[in-house]
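Trainee: Got a predicted model here, sequence first, then my questions.
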Amino acid sequence: MKKKLLLLLGICLVITCSSSAFAAVTLKRLGTHPFYRPAMTSETDLRTMVKKHSADIKTGFAKSGYPELFPDFMAQFPTAKVEFIKVAPGERVDWMLFRKKGTGPVAVIKDVTWGGKAAFDAYSFTIDKDGQRYEFIVPAVCGNLSLRNISRVPEPVVPVVPVTPVVIDNKDVQKATVVQDQRKGGPVADIGYAYQFDPTSYVFARVGYEFPLTERLYAMGLVGGFARVGGDDADSAFTADALLNYYLTEKWFVGAGAGYWSGNDGKADLIVNMGYLIYEKPGTMKTSLFVEGRCEADDLISSQASRLGVGLRFQF
């Protein structure tokens, strides 16, 4: 009977000791068994502690059952974001590293609950491995590196940019096309035939430049010459002309101006012209057919001094 009673007491003692070994630990004081001294007062102190005691931290990871996490810890910690936090009474950690009296070998306690009367200051940061995020805290007073929590790494959030429908009016498209195709001015060359009523015939050629004053009004300067090819009463002449042309449509234009005629001792001419676009190579060249009338400014009513011409105008 006594043997059975002793055996029963022995079994109860073993069960009691085993339960005590695996029971959660409630910690009411920090700093008695510090992993690191002195107390840390800045993030720099934390990084210095990890750098100087990496070998001891590696030992602690092995004793805690997470040896495979240590390489990722050391690789990510130098750039990890460190936050200063308060750990309230009742919060727990999975495990905590410490040294007995601050001098003994690295040891680990698991399932630790903070049972102090007030919150303690700590540094917090995370390390990611294989889709898991490990949150660590380090109490400032003792440097006891602790694993606080394990969670899944959040999926990246892709920002949704609202798309506003764009309503395009056909009139706006046509207007934009017209503006895009509008010629901005450039070199001009004329060739043609003119008839003077005294009578004399000419072929002429001029070159110049056209530039816009408004969307439809353009100024043009031309220099060239009229070579006599028929008649005996007039001479060939050098000309210098200035014109203003107004575009009634994209193809029709009318204009007027003044010019200098070097023949017959030099005369000033008044000029009118009208033209129509007959060919266009967008962005390269336009060709217009035009008619032109010019007469001496001091003899407007004299038919003998008037000239009527027809020609081609090339605009580049």
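Mentor: Ah, there it is.

Trainee: in whichever strand or helix holds Ile57, what counts as buried?
Mentor: Using DSSP states H and E, Ile57 maps to helix 54-64. Going by neighbour count (16 or more other C-beta atoms under 10 Å), the buried part of helix 54-64 is Asp56, Ile57, Lys58, Thr59, Gly60, Phe61, Lys63, Ser64. Backbone N, C-alpha and C define where each C-beta goes, glycine included.

Trainee: again with stretch 259-268
Mentor: Across stretch 259-268, burial judged by 16+ other C-beta under 10 Å covers Gly259, Trp261, Gly263, Lys267.

Trainee: Spit out the contact partners of the last one.
Mentor: Applying C-beta atoms under 8 Å, 6 or more residues apart in numbering, we find Lys267 in contact with Tyr260, Trp261, Glu296, Ala297, Asp298, Ala305.

Trainee: What about Gln76, how many residues nearby?
Mentor: Residues lying near Gln76 (other C-beta atoms under 10 Å) number 15.

Trainee: Quick check: phi and psi at it.
Mentor: Phi and psi for Gln76, reported as degrees, to the nearest 10, are phi -90, psi -20.

Trainee: That one is in contact with Arg133, isn't it?
Mentor: No: the criterion here is C-beta atoms under 8 Å, and Gln76 misses it with Arg133 at 10.9 Å.

Trainee: what residues do these two have in common as contacts?
Mentor: Common neighbours of Gln76 and Arg133 are listed as Ile127 (criterion: C-beta under 8 Å, 6+ apart).

Trainee: circling back: turn the contacts of Lys267 into JSON lines, including distance to Lys281.
Mentor: Compiled in JSON lines, those are given as follows (distance: C-beta to C-beta, whole Å):
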{"residue": "Tyr260", "distance to Lys281": "33"}
{"residue": "Trp261", "distance to Lys281": "33"}
{"residue": "Glu296", "distance to Lys281": "38"}
{"residue": "Ala297", "distance to Lys281": "38"}
{"residue": "Asp298", "distance to Lys281": "42"}
{"residue": "Ala305", "distance to Lys281": "39"}
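
Trainee: how about CSV for the residues you listed, with pLDDT added?
Mentor: What follows is these, written out as CSV (pLDDT from 0 to 100):
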residue, pLDDT
Tyr260, 92
Trp261, 88
Glu296, 85
Ala297, 80
Asp298, 77
Ala305, 69
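
Trainee: wait, which of those is closest to Tyr195?
Mentor: Nearest to Tyr195 among the contacts of Lys267, counting by C-beta to C-beta, is Ala305 at 12.7 Å.

Trainee: For Lys28, give me the pLDDT.
Mentor: Note for Lys28: predicted pLDDT of 92.

Trainee: Now do the contacts for it.
Mentor: Contacts of Lys28 by C-beta under 8 Å, 6+ apart are Gly115, Gly116.

Trainee: Secondary structure and distance to Val153 for the contacts of Lys267 - can I get that in TSV?
Mentor: Compiled in TSV, the contacts of Lys267 are given as follows (DSSP: H, G, I helix; E, B strand; the rest coil; distance: C-beta to C-beta, whole Å):
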residue	secondary structure	distance to Val153
Tyr260	strand	85
Trp261	strand	89
Glu296	strand	93
Ala297	coil	89
Asp298	coil	95
Ala305	helix	95
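
Trainee: Surely Val112 and Ser146 touch.
Mentor: Yes: Val112 lies in contact with Ser146 (C-beta under 8 Å); the separation is 7.1 Å.

Trainee: what do the two both touch?
Mentor: With C-beta under 8 Å, 6+ apart, Val112 and Ser146 have common neighbours Val93, Trp95, Met96.

Trainee: can you tell me which of the buried residues of stretch 259-268 are in strands?
Mentor: If you go by DSSP state E, these have Gly259, Trp261, Lys267 in strands.

Trainee: quick one: which of those is nearest Val157?
Mentor: Distances from Val157 to those, taken by C-beta to C-beta, are shortest for Gly259, at 73.2 Å.

Trainee: how much space is there between Pro156 and Thr79?
Mentor: 18 Å (C-beta to C-beta, to the nearest Å).

Trainee: now do Gly208
Mentor: Taking C-beta to C-beta, one finds Gly208 at 69 Å from Thr79.

Trainee: So those two - more neighbours on which side?
Mentor: A count of neighbours by other C-beta under 10 Å puts Gly208 above the other of Gly208 and Thr79, at 17 against 6.

Trainee: wait, what's in contact with the more buried one?
Mentor: So Gly208 contacts Pro187, Val188, Ala189, Met220, Gly221, Leu222, Val223, Asp241 (C-beta under 8 Å, 6+ apart).

Trainee: at 6 Å what do you get?
Mentor: The contact partners of Gly208, taken as C-beta atoms under 6 Å, 6 or more residues apart in numbering, are Val188, Met220, Gly221, Leu222.

Trainee: Double-check that it belongs to a helix.
Mentor: No: in this structure, Gly208 is strand, not part of a helix, as judged by DSSP: H, G, I helix; E, B strand; the rest coil.
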